[in-house]
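Q: I would like the atomic coordinates for the input below:
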Amino acid sequence: MLRFTIVRVYPSCERVGSFVVRGQRGVNRVPFRGRVRGKRLPDGTYRLRVRPRGARADVAVVTVVIVNGERMTSADLRRARHASVCRAAELAAATDDDATAAGKDQSGGGNVLDRARARIGDAAKAFSANLGRIPGRLGVGDDDPLSNPFVLIVIGLLTLSTATLGTLLLAQIVRSAEPTDRTAR
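A: You can find the predicted model right below:
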């Protein structure tokens, strides 16, 4: 048995519903017509998460964009596929069918620590996604970033500033280790 959980991730973050399909070993094809319990889903971006019975993790996650009656350009469709207002903890809570039984808060994930971890995880994902774009923004080709003099200057300045801060920190540590009472000598 495979449970499909549908979560609307844009423009709101809410669990829409779920349905169960009898699966078999290997590839399973399940038609999805944009309806839940016979009702058409409104426009938006949705994530369908597939989890076998008794499993702790999803085996597949599919992003679906539903647009009723309006044509979209490929750029708009790409933006819509990546649009999400859910944080990681909210998405996990919206997907989890037994969230209230496990003592989790349905509206925003678990406790403060879980929400902080989710925010740090989101920030790390955004940072790593933007990190790969830096060479292109600097005008550096993919072949050899060290051939660009601008990159070498930036690396040199970063190295110099790190060495300067290290020296200042070491001087502060030495000053704090000296005896403060000079009359005792």
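
Q: Once you drop chain neighbours, what's closest to Pro11?
A: For Pro11, ignoring the flanking residues on the chain, the nearest one in space by Cβ to Cβ, 6 or more residues apart in numbering is Gly44 at 6.0 Å. The way it works is simple: take the backbone N, C-alpha and C, and place the C-beta from them, glycine included.

Q: for the one you found, what are its contacts?
A: With contact set as Cβ atoms under 8 Å, 6 or more residues apart in numbering, Gly44 has these partners: Arg8, Val9, Tyr10, Pro11, Ser12, Val65, Ile66.

Q: Can you add pLDDT and give those residues back as a markdown table?
A: Formatted as a markdown table, the entries for the contacts of Gly44 read as follows, by pLDDT from 0 to 100:
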| residue | pLDDT |
| --- | --- |
| Arg8 | 91 |
| Val9 | 90 |
| Tyr10 | 87 |
| Pro11 | 85 |
| Ser12 | 85 |
| Val65 | 90 |
| Ile66 | 89 |
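
Q: Show me the chain divided up by domain.
A: Annotated domains of the chain cover 2-137, 145-177 [automatic domain parsing].

Q: Give the buried residues for the last one.
A: Yep, that's domain 145-177 we're talking about. Burial within domain 145-177, assessed by neighbour count using 16 or more other Cβ atoms under 10 Å, is assigned to Val151.
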